[in-house]
Structure formats: C-alpha cells, structure tokens
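Undergrad: I would like to see how this sequence folds:
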Amino acid sequence: MTISLPDDWIWDSWYAKDGDLWHGYFLKAPKSLGDPDLRHFNVTQGHATSTDLRTWDHKGTCFAPAQGPAWDDYTTWTGSVVQGPDGTWHLFYTGTSRSEDGMYQRIGHATSTDLHSWERVGDGLCLDLAGPNADAYETDHMVGFWHDRAMRDPWVIKDPEGDGWLMFFTARRPGIAEPNDGGAIGFATSPDLMEWTLQPPVHGGGYGQLEVPQVFQAQGQWFCLFCTAAEHFSKAQAEGTEGGPVTGSHYLIGDGPRGPWRIAPGFLDGALPCRRYAARIVDGPEGLAILGFADRPEGGNFVGEVMDPEPVTVTEDGLLKIGGK
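TA: Below you'll find the predicted structure:
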C-alpha cells in the first residue's frame, strides 16, 4: 500500500505538489478504537511526502479539531490544498461541532508557509450555507430524510476564466422528493482565497451524495471526479447503470469548470464490496494516476490504507478509463 500506518486507519486523501515533492494529506484515526466505524468522529489529519507517489515519508499529524467550544471542535475532515500568488499555502477543510453532534458541516480555512504547520484564518470558518444563494441548498438537517446537513469536501482551483478562485463541495438540493436524487456539487467563488461567496450548485441529481469532488482538466476536457455508494444511486441512475449500482468513484463531464456538467456513462471505478474509495486523480511522474483508500476489497475487515496509484487514460471519445492505453 502507498500510504499506511501501523497504528492508524487512513481514509480520504488529497495532494499538493511543491517543486518535485508531493505532499499527501489524509484523514486518520487510531486502530485502538477497535471499530473502524468510529473513525469519523475521532479524526486528525496526517501528512506525508513523496517524489514518486509510491514511497512516502510520514511527517505526523498536521491538523486537528479545535480545542474548546468551536464550530470545528468535533471533526476536521476532507479538504484540499492550493498555493496563493504570494507563495502562502491554503488548506480548505470540512469542520463540524460537538454542539451539533457533528451533523452540520461547514468549510474552514487555514494557511501555512511550510505545508505542515497550519494556522486557522481567524476562527477558521470561511463558508456556510447562508446568504442570497442559500435557498439553492438543503440548509437544514432533514432528520429522517437524510443523515446530515451536507457541506463538505471542498476542492479549490484557480479560475481558468478569470483572476479569482473556484470552490466545489459536496452538498444537497432542497425539495427533491427522492432522497437519492438530491445530491449536488456545491459552488463558491473568491477573488483572493480569503472572502468567499456562495453560488448555486453547478450540478445536481443522480445520487444522494457526490462525495470528495475533484474538478480538473485533462487533454482539453473538464472532469469532476466524485465517489458514492451503491445505496445512494437514484432509481433512474441505478436502472441506467450497466451491471447495477456499485460503490466507488465516478465522474461528471463538463464544458468548463462552471458546467454544465453531465454524468459520464457507466461507472469508472466501482465494486461490491468496495475496493477503492475517495479517489483522486493526479498528474504523476508517469502521467495521470488514481489514488484512493482500500475499503473492504475482499468483503472482510476495513483496510484503511491508500492504495498504490494506477494509471488513468483519457480515451479518444473523451472518457476516463482506469489502466493504460
């Protein structure tokens, strides 16, 4: 396995490159918990570095929930790291609070000059489902309808069409009768990485949740990678997927980062039981490659390690394919 720890489970990961060095960030929790399902609410963020995406030097814990009462004093979940124009590195992450039993997710912001020691910007909170465009989202925890108030997994990129920045995140749309058709890719914009404005979602439908979105361009085509579970396919999506629902990573195809986006045919990287989840596609030393954590690939115990990268190809018809040409 690419990233593993003897005493901790590892799951969602994200990557940043500084020169020739890759920085891998990941969620981790102690195996001493006994039950891997407890990991989500006993989480810290780890950090490791690599030159080849296969051999990693672990640097230890780099970020954790806030001490004392705070909006992010329960969890600091999945995020992304980008470098600003002045060289400062920016971490955007998911936070939840103990006072809300971790059910309401919001997006936080921290900065670093060394890619390891992160300091919150103010109290850390940078974006919530509030303001003029909030009515485009499911802003309350719909108890009995869905399991959380979704606003997580921020992915930030430079705006290729302007001077600012774009954020994409896991969210849900309101008023959708079928719970599994309410998933959305949320959207926000910023001129400077500091002040963010909530915008309407850039995509909705097909699944109850589209987790860990990653928007990128490859060979002139825009893609939005995401992960989802077999139990979160909408009825129409389940019926339209050859072989039926699976758990893993799939993607949207877009005309640009703002969309419009459409669900790609088939399913990119799924299995039952799940082999790999929360994947990222990076432009590595040997071209595009996919990395994600091993879940329960043999249907047994949770593994909790990031798997070795596998090659990804953009086909002649503009689709993603796991494996070489």
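
Undergrad: what about stretch 306-318, distance to the chain center?
TA: A distance of 18 Å separates the centroid of the chain from that of stretch 306-318, by C-alpha atoms, centre = their mean, to the nearest Å.

Undergrad: how about that stretch: buried residues?
TA: Using 16 or more other C-beta atoms under 10 Å as the test for burial, stretch 306-318 gives Val306, Met307, Pro309, Glu310, Val312, Thr313, Val314. To be clear about C-beta, it is placed using only N, CA and C from the backbone, and glycine gets the same treatment.

Undergrad: could you export the strand or helix carrying the fifth one as PDB, CA atoms only?
TA: Meaning Val312. Under the criterion of DSSP states H and E, Val312 resides in strand 310-314. Extracted C-alpha coordinates of strand 310-314, given in PDB (Å, rounded to 0.1, in the frame of the first residue of the first chain):
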ATOM      1  CA  GLU A 310      -2.900   3.100 -11.000                       C
ATOM      2  CA  PRO A 311      -2.700   4.700 -14.500                       C
ATOM      3  CA  VAL A 312      -5.700   6.600 -15.900                       C
ATOM      4  CA  THR A 313      -6.300   7.200 -19.600                       C
ATOM      5  CA  VAL A 314      -8.400   9.800 -21.400                       C
END
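
Undergrad: mind giving me the packing neighbours of that strand?
TA: If you count contacts as 3 or more C-beta pairs under 8 Å, 6 or more residues apart in numbering; DSSP states H and E, strand 310-314 packs onto strand 287-294, strand 320-322.

Undergrad: okay, now the sheet partners of that strand, with direction.
TA: The strands that strand 310-314 pairs with in its sheet are strand 287-294 (antiparallel), strand 320-322 (antiparallel) (by DSSP bridges).

Undergrad: what mean pLDDT does the longest one have?
TA: When pLDDT is averaged over strand 287-294, the result is 96.

Undergrad: could you do the shortest one as well?
TA: This predicted structure assigns strand 320-322 an average pLDDT of 97.

Undergrad: give the buried residues for it.
TA: With the criterion 16+ other C-beta under 10 Å, strand 320-322 contains buried residues Leu320, Ile322.

Undergrad: and if you look at the first one?
TA: Judged by neighbour count (16+ other C-beta under 10 Å), strand 287-294 contains these buried residues: Leu288, Ala289, Ile290, Leu291, Gly292, Phe293, Ala294.

Undergrad: can I get that strand as PDB, trimmed to CA atoms?
TA: Below are the C-alpha coordinates for strand 287-294, written out as PDB (Å, rounded to 0.1, in the frame of the first residue of the first chain):
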ATOM      1  CA  GLY A 287       1.000  10.600 -16.300                       C
ATOM      2  CA  LEU A 288      -2.500  10.500 -14.900                       C
ATOM      3  CA  ALA A 289      -2.900   8.200 -12.000                       C
ATOM      4  CA  ILE A 290      -5.700   7.400  -9.500                       C
ATOM      5  CA  LEU A 291      -5.100   7.000  -5.700                       C
ATOM      6  CA  GLY A 292      -7.700   6.100  -3.100                       C
ATOM      7  CA  PHE A 293      -8.100   4.200   0.100                       C
ATOM      8  CA  ALA A 294      -8.700   0.400   0.300                       C
END
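
Undergrad: now the residue positioned nearest the centre of the chain: how far from Gln199?
TA: Centroid check for the chain by C-alpha atoms, centre = their mean gives Val212 as the closest residue, at 2.2 Å. Applying C-beta to C-beta, to the nearest Å, the value for Val212 to Gln199 is 20 Å.
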